[in-house]
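J.: Give me a model of this one.
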Amino acid sequence: MPKLLRKRWYGGHTVWSYMLMLALSGALFFYYWLIGLVALLLVGLAIYYSLLAESAFEKELHAYVGTLSHRVKRASHEVIHELPIGIVLYDEEKVIEWHNPFVAKMAGKETVIGQNLLELWPQLKNRKDKDTVIELVLDKTIYSVIVKPEERLLYIHDITVQSEMSRKLAEGRPAIGLILLDNLDEATQGMDDQLRTLTVAKITGQINEWAVKNGLFLRRTASDRFLFMMDQKGLQKLEQSRFDILDDVRDMTLEMKVPFTLSIGVASGTDNLIELGTLAGTSLDIALGRGGDQAALKVGQRLSFYGGRSNAVEKRTRVRARVISHALRDLIRESDRVLVMGHKIPDMDAIGAAIGVWKMVQMAGKEGYVVLEGDNPSIHKLLELLSEEEKYKKCFVQPDQALHLKTPRTLIVVVDTHKASLLAEPKLVQNTNRIVVVDHHRRGEEFISDAVLIYMEPYASSTCELVTELLQYFQERVSLDVMEATVLLAGIAVDTKNFAMRTGARTFEAASFLRRNGADTAIIHRMLKEDLDAYVRKAEVIKHAEIIYDHIAIAATEPGKKYSQLLIAQVADTLVNMTDIMASFVIGERQDGLIGISARSHGQINVQIVMERLGGGGHLTNAAVQLEHTTVQEAAKRLKQVLKEIDEEEGLFE
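T.: Residues are numbered from 1 along each chain as shown. Next comes the predicted model:
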């Protein structure tokens, strides 16, 4: 090619140059004809030589271009056929028109031209009408398919090695777990040292066997605490077994008066070990906040729970209640005012607990208010009684009033819930860390995380029971008037179904304290009286109940009819007390348009897990959920599907 360029340079004079040379030669010929003749001959020779050179250049150039084109065509043909990437062209009917040898080798045939693309590879059926990437698996080989619908073109390359490396990398990511014997003191109380040591050693041996079986690294960090580590493969094995160590330890110590239970917190989803340790501790706190005897697993944004089949063990010591009461007293004294708030559509327990906390504020000599929002027939009579006294009229404020009362030094006390979305006014807990949470529900995934003081005890019968204990330690001498004591006792009575459900020794101790301070059971009886119309409506709902799995009752209300949440809950209470019924679920359209489901059980079935899968929560024996944008029939269908899934996973209804 350089040689051709040189020839092009020497032979490439312009026409104007030759014309100028001819003109000069003509002028010379006119004056000096001999010299002019020689010049004309020289110019003629130059033109002739240039034409010859130009002609030779063109011939060599055409020959070179022809050779180069041949080489390019041959190279491109070899590249397309030898390239480790598949190329497929197809027509508008998805029929393959052409492909390179890679595709034939991939399909295990000499050719697939003429075959329908979607019949050959059905995985491509769900592709969109725009450029996309689809993963294709053929005989354990993984391919990445780039689909270009406008060109009707596919690019295919083998990503088996990369996928295997990604899988191994994902399986090797660490996970950290913490195990706590959550009722060691209660279970071993009264044991001598030798029996206690033998019992704990037996449980430790069971945990060690479980760790070896599942390939876990286990270390004991305290008498009642263990740390274990694993990779994702080990974590997956634990999830498949649903953390069976929970049942193994409980069943092994079942003959004891108080069986041992474990709480487990596990974290995964990040490679930062410090962050993993923190998340594992948080997961353990959540498991404990839900009553223990369960595992809480945090993987990225996913929070899963396993176990939780037993009720929380009642704490025999009141040390925690005394410490919390003193801390709450100090917080109240440091505040300019206190706003007490329960959940939306408050019940007797929420109002009673709020009045109890409001009483503490009065004893501390501070300004306090109870935020009341929503309507609930169950508290109409209670509010009528409270409105008869002037001091109670002034203590209740609406949510919009509470927002104007809030200052940077205002203390917000949340009772009977720990979920911001369920509060009477969620804006009150935003942009503040002066929050106290007092609740008896099992902790859910949603939680008011900025609280400065948290008192959650799932073993308690009600929030009123917890507030009553706090009142006893708030100051040396506590004096309640009749209405305050009655409201607190009413909250306990309603949540325990008149002391028939979820009661412990401390429940009766709290009730005894309130009775000594003037709580009037006759007033409670009048407040809880039921009218005839409500009784008839309950009977209509019960009439449509169906029994599934031999021991579960489901009652759905008639379409178009609306019921109060109280009536739906009362029907569930009635159904669960019928012969051979272990759990009851009542579905009805509420007066606010939401679909409410109330769930009750006697403890054999954890209705909290069922309601959590539908977006609600509660206790092992008492739970509920409110559903939007659905109907009673659709809610019933979803409930049955969840019950089927739980039965397939755990076999609870056999």
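
J.: all contacts plus neighbour counts: C-alpha atoms, from now on.
T.: Will do.

J.: separation between Leu489 and Ala353?
T.: Distance of Leu489 to Ala353, computed by CA to CA, to the nearest Å: 10 Å.

J.: Check the contact lists of those two and give me the overlap.
T.: Listed as contacting both Leu489 and Ala353 by CA atoms under 8 Å, 6 or more residues apart in numbering are Cys464.

J.: Which of those two has more residues huddled nearby?
T.: Neighbour count, other CA atoms under 10 Å: between Leu489 and Ala353, Ala353 has more, with 32 against 28.

J.: residues in contact with that one?
T.: By CA under 8 Å, 6+ apart, the contact list for Ala353 reads Val415, Asp416, Thr463, Cys464, Val467, Leu488, Gly491.

J.: Return the closest of those with respect to Val112.
T.: Asp416 (67.6 Å; CA to CA).

J.: what residues are up against that closest one?
T.: Gly342, His343, Asp349, Ala350, Ala353, Val438, Asp439, His440, His441, Ser462, Thr463.

J.: can I get those residues in JSON lines with secondary structure?
T.: JSON lines is the format used below for the contacts of Asp416 (DSSP: H, G, I helix; E, B strand; the rest coil):
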{"residue": "Gly342", "secondary structure": "coil"}
{"residue": "His343", "secondary structure": "strand"}
{"residue": "Asp349", "secondary structure": "helix"}
{"residue": "Ala350", "secondary structure": "helix"}
{"residue": "Ala353", "secondary structure": "helix"}
{"residue": "Val438", "secondary structure": "strand"}
{"residue": "Asp439", "secondary structure": "strand"}
{"residue": "His440", "secondary structure": "coil"}
{"residue": "His441", "secondary structure": "coil"}
{"residue": "Ser462", "secondary structure": "coil"}
{"residue": "Thr463", "secondary structure": "helix"}
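
J.: For those residues, pick the one with the most neighbours.
T.: Ranking these using other CA under 10 Å puts Ala353 first, with 32 neighbours.

J.: Spatially, and excluding backbone neighbours, which residue is closest to that one.
T.: Counting by CA to CA, 6 or more residues apart in numbering, the nearest residue to Ala353 once its immediate chain neighbours are dropped is Cys464, at 4.7 Å.

J.: does the one you found sit in a helix, a strand or a coil?
T.: Following three-state DSSP, we place Cys464 in the helix state.

J.: Verify the contact between Glu589 and Leu567 for me.
T.: No: if you go by CA atoms under 8 Å, Glu589 and Leu567 don't touch, sitting 11.0 Å apart.

J.: is it fair to say Arg196 lies in a helix?
T.: Yes: counting by three-state DSSP, Arg196 falls inside a helix.

J.: Run a quick neighbour tally on the residue nearest to it when sequence neighbours are not counted.
T.: Of all residues beyond its chain neighbours, the one nearest Arg196 is Thr188 (6.1 Å), with distances taken as CA to CA, 6+ apart. Counted with other CA under 10 Å, the neighbours of Thr188 add up to 20.

J.: wait, doesn't Thr188 sit right on Thr197?
T.: No: Thr188 lies out of contact with Thr197 (CA under 8 Å); the separation is 9.6 Å.

J.: And the strands in the stretch 1-150 of the chain?
T.: Taking DSSP state E, counting those that start in this stretch as the test, the strands found in the stretch 1-150 of the chain are 86-90, 96-99, 132-138, 141-148.

J.: okay if I get those strands as TSV plus mean pLDDT?
T.: Listed next are the strands of the stretch 1-150 of the chain as TSV, based on pLDDT from 0 to 100:
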stretch	mean pLDDT
strand 86-90	85
strand 96-99	84
strand 132-138	83
strand 141-148	87
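
J.: Can you check which of the ones you listed gets nearest to Gly269?
T.: Nearest to Gly269, of all the strands of the stretch 1-150 of the chain, is strand 132-138, at 23.8 Å by CA to CA.

J.: What residues sit buried inside that closest one?
T.: Judged by neighbour count (16 or more other CA atoms under 10 Å), strand 132-138 contains these buried residues: Val133, Leu136.

J.: Tell me how far that strand lies from the chain's centre.
T.: Relative to its parent chain, strand 132-138 has a centroid offset of 28 Å by CA atoms, centre = their mean, to the nearest Å.

J.: Then stretch 240-251?
T.: Taking the mean of its C-alpha atoms, stretch 240-251 sits 23 Å from the chain's own mean (CA atoms, centre = their mean).

J.: Stretch 435-442 now?
T.: With CA atoms, centre = their mean, you get 21 Å for stretch 435-442.

J.: picking up where we left off before, out of the contacts of Ala353, list just those in helices.
T.: The members of the contacts of Ala353 that map onto helices under DSSP state H are Thr463, Cys464, Val467, Leu488, Gly491.

J.: does the second one really touch Thr486, like I thought?
T.: No: with contact taken as CA under 8 Å, Cys464 and Thr486 are classed as non-touching, separated by 10.8 Å.

J.: Comparing these two, which residue is more hemmed in?
T.: Neighbours were counted for Cys464 and for Thr486 using other CA under 10 Å; Cys464 has more, 36 against 25.

J.: which residues touch the more buried one?
T.: When contacts are counted by CA under 8 Å, 6+ apart, Cys464 touches Asp349, Ala350, Gly352, Ala353, Gly356, Leu488, Leu489, Gly491, Ile492.

J.: please redo it, this time with the cut-off set to 7 Å
T.: Cys464 makes contacts with Asp349, Gly352, Ala353, Leu488, Gly491, Ile492, as judged by CA atoms under 7 Å, 6 or more residues apart in numbering.

J.: now Gly368
T.: By CA under 7 Å, 6+ apart, Gly368 lies in contact with Arg337, Val338, Leu339, Trp358, Val361, Cys395.

J.: Let me know the closest of those residues to Pro122.
T.: Leu339 (61.8 Å).

J.: Which pLDDT value goes with the closest one?
T.: Looking at Leu339, its pLDDT is 95.

J.: Let the chain start at 20 from now.
T.: Sure thing, new numbering starts at 20, so read that last one as Leu358.

J.: For it, pull up the helix or strand it's in.
T.: Using DSSP states H and E, Leu358 maps to strand 356-360.

J.: Which elements pack onto that strand?
T.: helix 367-382, strand 386-390, strand 430-434 (3 or more CA pairs under 7 Å, 6 or more residues apart in numbering; DSSP states H and E).

J.: quick one: average pLDDT of the first one?
T.: What it means is helix 367-382. Averaged across helix 367-382, pLDDT comes to 94.
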